[in-house]
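Enquirer: coords please:
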Amino acid sequence: MKRLNNKGLTLIELIVSVSLIAVVMLFLYRLLGDVTYENDNEFFASKNQEQKIELIDYIETLMRKADISQAPKVTKNSNNTTIQFKQSTLSKTYTIAVYSNYIQIKDSSQVLRRWDIESGVYSYSKTECKMATTIEGQTNVYHPWLCTIPVYTVNDDNNANNNNSLDDIMLSFLARG
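Expert: As a prediction, this is how the structure comes out:
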C-alpha cells in the first residue's frame, strides 16, 4: 500500500496556487473596470443627448417665434464663436455663444439659457452657419439656414480628426432676405 505525504504543501504547489489566483483576480479586475467604464459612458452619453435635444428645441422654437429679419452673423475669436440673429418686429438681437465647455443664448439684455457639457467639448472653432437653397414666398424671400456646432465626446473616438456627427448640434431656421 502506498503512503500519502501528509507534510503539507510544497513550495511549487504554493507558487502555482498563488499564480492561478492572481490570474483570476486580474481577469475580474479588468472585467469590473470595463463594466464601470461602459456604465459611465452610457450615463454621460444619455445625459448629453437629452441636453442636445433640449438645446435644439429651445433655440429653434425661439428662432421660429422671433421672425428673423436677416442672415445670421457669425463671429469667431480665440475662446468662442457667436452667432447673432436679429428679430424684425421687436428689434431684438439674439446671440448664441459657443465656448468649449458650454453654450449660452442671450437676448439684447440678458442670458436666457446655458447648457454645460459633461465629458466632452463643443468645437467653437469649427462652428459654422450655411445658407441652403432659397424658398420664395408670395411677398418675402426666405433663406433656410443650417448652423452646425461640432461636439467631441470622450466616450467615443470622437475628435477633430474623427468627428462622430451624431453628437453634433444642428440648428435650422428660416431668415428673411
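
Enquirer: And stretch 92-103, end to end?
Expert: Using Cα to Cα, to the nearest Å, the end-to-end distance of stretch 92-103 comes to 20 Å.

Enquirer: Do a quick rundown of the strands in this structure.
Expert: Assigned by DSSP state E, the strands in the chain fall at 73-76, 81-86, 93-98, 102-106, 111-116, 120-122, 128-131, 135-136, 141-149, 151-153, 169-176.

Enquirer: and of those strands, who's closest to Ile53?
Expert: Closest approach to Ile53 among the strands of the chain is made by strand 169-176 (9.8 Å; Cβ to Cβ). The C-beta positions use only the backbone N, C-alpha and C, and glycine is treated the same way.

Enquirer: Please tell me how far that closest one is from the chain's geometric centre.
Expert: 19 Å (Cα atoms, centre = their mean, to the nearest Å).

Enquirer: which helices and strands does it pack with?
Expert: Judged by 3 or more Cβ pairs under 8 Å, 6 or more residues apart in numbering; DSSP states H and E, strand 169-176 is in contact with helix 11-66, strand 141-149.

Enquirer: Output these in TSV; the columns should cover mean pLDDT and distance to Met131.
Expert: TSV is the format used below for those (pLDDT from 0 to 100; distance: least, Cβ to Cβ, whole Å):
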stretch	mean pLDDT	distance to Met131
helix 11-66	78	15
strand 141-149	79	5
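
Enquirer: I'd like the distance between the residue positioned nearest the centre of the chain and Ile96.
Expert: Per Cα atoms, centre = their mean, the C-alpha nearest to the average position across the chain is that of Val151, at 4.3 Å. Val151 sits at a distance of 14 Å from Ile96 (criterion: Cβ to Cβ, to the nearest Å).
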